[in-house]
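Participant: Output the structure for:
(chains A and B)
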There are 2 protein chains.
Amino acid sequence: MKELREITRRDVDFASWYTDVVKKADLIDYSSVKGSMIIRPYGYAIWENIQSVLDKEFKRLGHQNIQMPMFIPESLLNIEKDHVNGFAPEVAWVTQGGSELLEERLCVRPTSEVLFCDHFKKIMKSYRDLPLLYNQWCTIVRWEKNTRPFLRSREILWQEGHTMHETCEEAVEETKKMLKVYEDFQRNYLALPVIVGRKTEKEKFAGADITYTIEAMMYDGVALQNGTSHYFGQNFAKAFGIEFLNKENKLENPYQTSWGVSTRMIGAIIMTHSDDRGLVLPPKIAPIKVDLIPIGNNEEVFRKMKEIQKILDKEHITNQMNRSDKTPGFKFAESEVKGYPIRLELGLRDLEAGTITLVRRDTLEKISVSLDNIVENIRTILESIQENLYNRALKRRNSMLYKADTYDEFKSIAKSKSGFIKINWCGNTECEDKIKEETGLKSRCILEEENPDGQCIVCGNSGKHKIYFGRQY
Amino acid sequence: MKELREITRRDVDFASWYTDVVKKADLIDYSSVKGSMIIRPYGYAIWENIQSVLDKEFKRLGHQNIQMPMFIPESLLNIEKDHVNGFAPEVAWVTQGGSELLEERLCVRPTSEVLFCDHFKKIMKSYRDLPLLYNQWCTIVRWEKNTRPFLRSREILWQEGHTMHETCEEAVEETKKMLKVYEDFQRNYLALPVIVGRKTEKEKFAGADITYTIEAMMYDGVALQNGTSHYFGQNFAKAFGIEFLNKENKLENPYQTSWGVSTRMIGAIIMTHSDDRGLVLPPKIAPIKVDLIPIGNNEEVFRKMKEIQKILDKEHITNQMNRSDKTPGFKFAESEVKGYPIRLELGLRDLEAGTITLVRRDTLEKISVSLDNIVENIRTILESIQENLYNRALKRRNSMLYKADTYDEFKSIAKSKSGFIKINWCGNTECEDKIKEETGLKSRCILEEENPDGQCIVCGNSGKHKIYFGRQY
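Facilitator: Alright, predicted model coming up:
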C-alpha cells in the first residue's frame, strides 16, 4: 500500500507525477536500451484498444494495411530534399550486417514516405489504379536526446497512412477526412477536447505542402501534438518520378497524403485525466472496465461476484476479480492506481441487504445499488464517466485559452500563465521566430475557420491568420 | 490475361513457380532494400487473419501482449554464451544515432530472449508473480545472405511468446502446450499436415535445453521448419541472475520457455496448396472467400450479384464483385491467380434459369446451383475445400515419407527421391554430421512417440531415437 501511494502530487511536480503514474500503473518499464521503453501488458492493452477502433475505421473508409521494410537505404532517403533535411539528423544508422560492413548505410525508418513512393512508382500505371489507400502499423525510430515515456521516445509505435490520388482536390479531401477521423476518435474515445488546425510553414512536416494537426492541451496547460495529416501535393511524386496515365491519356504526377497517430495518445490520456491517486482511463478504451473486490474471505461473496462476472462477460463488459490475500484497503488503492473506471465492493452485509457498492474512478463517488439491476447501472455510469472526463477536460482547457491583442499582453500572459494564447498574425516566419525566442512559446496551429480581426501583434502588419501559440511537450 | 498466365510450371521449375505465384497474386513486392520484401495488402490480410486466430488462442490460454525495444545493446546480447554464439553472426548493427557514434553498438533484435530476461529480472519477486505469460507481435531482423519471399528474409514478421514458471514441469508443459497450439492451427486453419517432434542437440535453438519443432513438407518434398517451441530450463535465468522467492521462502531461478511462428507460414501455404494457375488458399484464412464475376454488362445481373453480396456480408462470408471492364476470361484467370476459394459466375441466361455457376478453386470443378439456397451451398463447399486441401496435402506428403534400414538404402533414397527419410539413430552428432556431409540431408525431428527398432544406420551402435532427415528451405 505504501508503495502504491508513493505518487508525487500533480500540483507539486507535474513531470514527476507523470512518470510515477506511468510506472505505478504498470503501463511501462524502463529498459537497458537508453531512450526505449517497454510497454507492459496493461499499457499495451490500451494500445490494442486504440488500434482496434482506428483500424476498423480506416478499413471502413477503404484503406488497406501493408508492411514496408524497416530500413531505408541512405540514397532513397536523400531523394526528396526537404524530407531528408528534416529527418536525417535524427535517424539511427545500421552500418554493419553480420560481420560485413555495408556498402551503403541503412537508416531505421523515422517515417516511411520514401519507401511508399518507391513502391507506388512500381505499381501505379493509370488512373484506374487510383486512389491507392494504404496504412501501416509499425515501429519507427527517431534518435531523440531527451525522452519521456509515451511522449518522446527513440522507438515509437504508430500507424502511418499513405495515399495517392488522381487530383489535388481528392488528396486534400483525404487529408482533411483523416484529420477528422483522428479528431472524432480523440474526442469520443479518449475524451480529449482537442483543437485542430494547420501548422505554419516553419512547423509543417518536412516535404509537405500542408500539415494539419491535432493539438491537445495537457492538465498543466502544455500542448501535445497528438496526430498530423499531411498534403504533399506532387512533391514526392516529382522527386521520385511517379507518374500515371490520366483520363486524357497523358502522364501526370499523382497527389499524395500521409497521416499518423502514435502511442503518444496514451501520454495525452494520462496527462489529461489522471490524478494524485493514479491513472484515470476513459471507459471506452479501458482494458478492464470493472474491478470486483470481495470484502472478507467469504464463499457466498465470491460466488455472487463470480455470478456478476459471468453477466458482465456476457454483456462484453471487461472485468476482473481481485482475490489476492491483500487487504481491501490495498486493493482499493491498486484499483485507483490502475484507473479501472468502476470498482465494485461486496461484503457479506451488502449481500444480505441485496446491494453492492459501486465506486467511480473519476469522482471517487460511492454509490450503493441494488444487486438486481447491476448491469444497467454499470452501463449508465460508464457512459457518465466517459462524458464527465470530456467535460471536465474541456472546462479546464477553456480556462487556459487566452487572447492577446498586443505583444506586451502576449508576453505578460506567457510569463504568468500556462495555456494557449490566440493572436492575429501576419503569416511571416520572422514574427513566429521572434515569439519563440523571446517567450519560449511555439506556434500550435492556424485556425482556418476564424478570420483575423486586427494587425499582427508582433510587426503590426496586416493580420493574415488567427493562430494559437503555446509551450509544447 | 497473358500477363496473369505467365507462371512458370510447378513441375518444371519449382523455385521460379513459387516466386511467380507470390508476385502475380500480389502478395509481395521487392523493395529497394536488399533482402527485405514489401508485404502487399493481399498478403498482409492473410497475416492479419493468422494473427487474429492465434492472438485469441494465446489470450484464451492466459498470455498477455507486450512490446519490448527493437534494439539490444551488445553487452546484453553477450550475457548468455550459447545464445550470442548462435545469433551474433547474423544480426544488423546500429552504430550511429543522428550524427553521433554510439559508445556501444546496438543490434536490431533477431529474437528477444535477452530483452525479456532483463525485464523479468526487475518485475519478478515471488512465486505469486508466476507464471509470467507474455507474447509479442513484432518484426525481427536476421542478416541472411540468400533470401526468398516469406521463407528467408532479412526482416521477419512474427510472434514470440516468452514465459517464466515456478517449476520445470510447468515450463515443459507450457512448451508442449504451445507446440500443440501451433500444430492444431496449422492443421485446422492452414490445412498443413505437419510433423511434430524434437530437434537434435545440434539443431536446437541457441540457449535452449529442448526445442520442439513443426516440420511441414512442401509440394517438392523439401522441409520447411514452420514454428518452434523451446524449453530453456534455468539457462537464461542463471546467466541473468533472475530469482524468485519460492513457496519455501527460498530464492530460486525460474524455468523459462519461448515459442514463435512467422510469416513463413504463408510460404508454407503457397508451397503446399498452390498450382500452375496461381495461389490456392485454405478458406479459413482466405481474405476473400467468394469472388463474384458478372458475365456481360447487364443491370439485372449486377443487381442480383449485389443482392448475393448483401446476403454473404450478413453471413460474414468475405466477398468482392469484379466489375472492371476486363473480359470474363481475364477475370476468371485473375480469380484463379489470387486463389479466391470460390468464384461465382452469373450471366443473364443463368439468371433467367434461376441458377448460378460456382467454381471451386481447389479442383476447378464447375457446379450449377440454384439461386435460392446459395449460402448453404457456399458454406458446404468452403468446408469441403478446406478438407480437400488437407487430405490432398496429406496424401502427397505420405507418398514422400520413406524409411531406411541401412545407410546404403538411405543414400540411395536421398539420391533418387524427395521427401523425409525415417531412420534409427544413436543420438550422436557425429552420425548426424556424417549424413549431412555425405547426402545434404539434415535432421528434421526426433519422433518422441516412436521407439527405435534397430541399430543406428550410420555407426551400428544401439539405436536411441527414430528420427526424420530431409532437405530444407
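
Participant: Show the pLDDT at the one residue in the stretch 101-250 of chain A that gets nearest to chain B.
Facilitator: Residue nearest to chain B within the stretch 101-250 of chain A (CB to the nearest CB): A:W143, separated by 3.9 Å. Every residue, glycine included, has its C-beta placed from N, CA and C. At A:W143, the pLDDT value in this model is 94.

Participant: how about it, secondary structure?
Facilitator: Three-state assignment for A:W143 (DSSP: H, G, I helix; E, B strand; the rest coil): coil.

Participant: dump the residue contacts of it.
Facilitator: The neighbours of A:W143, taking CB atoms under 8 Å, 6 or more residues apart in numbering or on different chains as the test, are A:35, A:90-92, A:154, B:97-98.

Participant: now it: how far from A:F150?
Facilitator: Distance check for A:W143 against A:F150: by CB to CB, to the nearest Å, it reads 18 Å.

Participant: Can you name the residue of the stretch 201-350 of chain A nearest chain B?
Facilitator: Closest point on the stretch 201-350 of chain A to chain B, by CB to the nearest CB, is A:S324, at 7.8 Å.

Participant: doesn't A:N297 make contact with that residue?
Facilitator: No - using CB atoms under 8 Å, A:S324 makes no contact with A:N297, being 11.4 Å away.

Participant: Tell me, how many residues neighbour A:I317?
Facilitator: Counted with other CB atoms under 10 Å in any protein chain shown, the neighbours of A:I317 add up to 18.

Participant: And for the one 3 residues further on?
Facilitator: Other residues near A:Q320 number 17, with proximity taken as other CB under 10 Å.

Participant: Shouldn't it be within a strand?
Facilitator: Yes - per three-state DSSP, A:Q320 lies within a strand segment.

Participant: isn't it right next to A:P294, touching?
Facilitator: No - the criterion here is CB under 8 Å, and A:Q320 misses it with A:P294 at 12.0 Å.

Participant: what sits in contact with each of these two?
Facilitator: Contacts common to A:Q320 and A:P294, judged by CB under 8 Å, 6+ apart, are absent.

Participant: what helix or strand is the most centrally placed residue in chain A on?
Facilitator: Taking CA atoms, centre = their mean, the centroid of chain A lies closest to A:M265, which sits 2.1 Å from it. Using DSSP states H and E, A:M265 maps to helix A:264-273.

Participant: Could you name the helices and strands sitting against that helix?
Facilitator: Contact analysis of helix A:264-273 by 3 or more CB pairs under 8 Å, 6 or more residues apart in numbering or on different chains; DSSP states H and E lists helix A:14-24, helix A:41-60, strand A:223-233, helix A:374-398 as its packing neighbours.

Participant: can we see that at 10 Å?
Facilitator: Where contact means 3 or more CB pairs under 10 Å, 6 or more residues apart in numbering or on different chains; DSSP states H and E, helix A:264-273 is packed against helix A:14-24, helix A:41-60, strand A:155-165, helix A:168-188, strand A:210-217, strand A:223-233, helix A:374-398.

Participant: Just put those in a markdown table and tack on mean pLDDT.
Facilitator: Below are these laid out as a markdown table (pLDDT from 0 to 100):
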| stretch | mean pLDDT |
| --- | --- |
| helix A:14-24 | 97 |
| helix A:41-60 | 98 |
| strand A:155-165 | 97 |
| helix A:168-188 | 98 |
| strand A:210-217 | 98 |
| strand A:223-233 | 98 |
| helix A:374-398 | 97 |
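
Participant: could you dump those to a markdown table with distance to chain B and mean neighbour count?
Facilitator: Conversion of the helices and strands packed on helix A:264-273 to a markdown table gives the following (distance: least, CB to the nearest CB, whole Å; neighbours: other CB atoms under 10 Å in any protein chain shown):
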| stretch | distance to chain B | mean neighbour count |
| --- | --- | --- |
| helix A:14-24 | 11 | 19 |
| helix A:41-60 | 4 | 18 |
| strand A:155-165 | 6 | 23 |
| helix A:168-188 | 17 | 19 |
| strand A:210-217 | 23 | 24 |
| strand A:223-233 | 19 | 24 |
| helix A:374-398 | 22 | 17 |
